[in-house]
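Asks: Next come a sequence and a model predicted from it.
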Amino acid sequence: MPKTRQEYIHQLAALQDKVAMMGEMARLEVSRAMDAMLTQDKELAESVMASDDKVDELLVEIEDRCLILTAKQQPIAHDLRIIATAFKIGVDLERIGDHAYDIARTVYEVKVPLDTERLLKVQELSNWTLQMVAQAMQAYREADIKMADAVRDMDGHMDKLFEEAFYALSDYVTKAETPQRVNAAQLLFIVRFLSRIGDHAVNIAESTIYLETAERVHTHKHSSAAGL
């Protein structure tokens, strides 16, 4: 294999490593944001919000690398898909990071202890969503199509958890005393953010399938959660 080709393959691999690094950072920030919200830890929330710039900077670096790799050669087939999916997944991860920021920011809006019963539903949704992100990124790193398909299959259960949390909180907003009503409203925002994070995990899984097979797939939302 010519040395130039070897170097190009190495650079493509480095690009994918950078995307994987960004994925772990975005997932960790969501986890930390949820911890901050659950414990009402304002210092941790501040740390999460400050880290958002680092996620954004990684996206810029990935975009720059994609442009350079495209300009160096005229990539075709799998090489081109590596570059295209790196860019697309980077955008999904940047948005996951944005939602981590949004979740952390709710710590400043909650004034009294959170309602335990409904909080458990939010935690269940959060745990499932974080699992989706972790598995989607693992599928990408390992070029595992079956795992990517499994992430797509997880979407239905995520929608179910979202609906349960959404309706429980919506009902509480109309019935609770004012302080807890404000809390429930903030939790409604959080379940929406978590649902969007899960959608981005599905996008990442679908990008992985495209990367490895050249087949474009799209998960159609049959659940009413798509319209909530």
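Replies: On my side now, so go ahead. Numbering: from 1, shown residues only.

Asks: going forward, measure contacts and count neighbours with C-alpha atoms only.
Replies: Will do.

Asks: what about Glu57, how many neighbours?
Replies: Counted with other C-alpha atoms under 10 Å, the neighbours of Glu57 add up to 13.

Asks: buried residues in the strand or helix carrying it?
Replies: In this assignment (DSSP states H and E), Glu57 forms part of helix 42-72. Using 16 or more other C-alpha atoms under 10 Å as the test for burial, helix 42-72 gives 42, 44-49, 51-52, 54-56, 58-60, 62-63, 65-66, 69-70.

Asks: C-terminal to that helix, what's the next element?
Replies: Next element after helix 42-72 (DSSP H and E): helix 77-105.

Asks: about what we covered before: for the helix holding Glu57, name the packing helices and strands.
Replies: With contacts taken as 3 or more C-alpha pairs under 8 Å, 6 or more residues apart in numbering; DSSP states H and E, helix 42-72 sits against helix 3-39, helix 77-105.

Asks: Could you check how far Pro199 is from Arg152?
Replies: If you look again at residue 199, you'll see it is Asp, not Pro. 9 Å (C-alpha to C-alpha, to the nearest Å).

Asks: typed the wrong thing, it's Ala184
Replies: Taking C-alpha to C-alpha, one finds Ala184 at 29 Å from Arg152.

Asks: mind listing what Tyr8 touches?
Replies: Neighbouring residues of Tyr8 by C-alpha atoms under 8 Å, 6 or more residues apart in numbering: Leu69.

Asks: measure it to Ala77 for me?
Replies: In terms of C-alpha to C-alpha, Tyr8 sits 14 Å off from Ala77.

Asks: same deal with Ile9?
Replies: 13 Å.

Asks: the more surrounded of those two?
Replies: Ile9 (13 against 9).

Asks: Let me know the pLDDT of that one.
Replies: What the model reports as pLDDT for Ile9 is 92.

Asks: where does it sit relative to Ser207, distance-wise?
Replies: 20 Å.

Asks: still on that earlier bit, deepest in the core, which of the helices and strands packed on helix 42-72 is it.
Replies: Highest mean neighbour count among those (mean count of other C-alpha atoms under 10 Å): helix 77-105, with a mean of 22.
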